[in-house]
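[1] have a look at this prediction, sequence included:
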Amino acid sequence: MIFGKIEYLNLLPFHVFMKRFTKSNQQKLSMQYKKNVPAKINNAFLNRRVDAAFISSIMAKNTQHVNLGIIAKKEVKSVLVIPSKKHKTDAESASSNLLAKLLHVKGEVLIGDKALRYALVHDDYTDLAKLWNEKYNLPFVFALLCYHKEKKLYKKIEKEFLKKEVKIPQYLLQKASQQTGIAPNNILEYLTLISYKLDYKAKKGIKKFYAQEKKF
């Protein structure tokens, strides 16, 4: 089983959970990881080079998925448009580039940990999830956990992951801080902005996104 792994901070709790979930030797041997940025993982999944991954919502429209996603209820601080003389997309992104167009925001699209680093020291940015919520009063779903096979396995992962809040060990928090250049307290504050359960309002949010995309 090959899982597409996106090493952004927004999935840190999920990666901590998966380490525990695959604690048996048999599971460790059966679960391999392919690491890359969202756009590259999207491509690998669609070409069946990975069996499951968090796929950008615009690419996940016709795929099998469980009720897990990367969801911003309001602001997110890691999907931004920053000032730029020319409109620039982020090569790592899919849904966020389209979202900027749908919301008619001009500038440079910035996603992931580099966007969060920017938001922590600047205030001249547009938070696309916040703007979406202000316009539609709905969460924005950036990605869904999609799979090609082994539905029972991924439904089990969904159930176990949502059962209780994942606590991040201090050593992993420090490691993430060193890798990203973001202080541990800022990482924890950021993670409070992220939701993973694809609930009723999140489903309404992604339906609205798909409806708006058709009009574009």
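    That came through fine. Numbers count the residues shown, from 1 in each chain.
[2] contacts, neighbours, all on C-alpha from now
    Will do.
[3] residue contacts, the spatially closest residue to S84 that is not a sequence neighbour?
    Nearest residue to S84 in three dimensions, chain neighbours excluded: G107, at 4.7 Å (CA to CA, 6 or more residues apart in numbering). G107 is in contact with V81, I82, P83, S84, K85, K86, H87, K88, counting by CA atoms under 8 Å, 6 or more residues apart in numbering.
[4] any idea how far G107 is from I187?
    To I187, G107 is 26 Å away according to CA to CA, to the nearest Å.
[5] equivalent analysis for E92, please.
    21 Å.
[6] between those two, which is the more surrounded one?
    I187 (20 against 16; other CA atoms under 10 Å).
[7] in the strand or helix carrying that one, what counts as buried?
    Taking DSSP states H and E as the criterion, I187 maps to helix 184-191. Of the residues in helix 184-191, P184, I187, Y190, L191 count as buried by neighbour count, 16 or more other CA atoms under 10 Å.
[8] nearest to L46 among these?
    Nearest to L46 among the buried residues of helix 184-191, counting by CA to CA, is L191 at 28.2 Å.
[9] can you tell me the SS state at the closest residue to the closest one other than its chain neighbours?
    Leaving aside its sequence neighbours, L191 sits nearest to N10 (CA to CA, 6+ apart; 6.4 Å). At N10 the chain is in helix, as set by DSSP: H, G, I helix; E, B strand; the rest coil.
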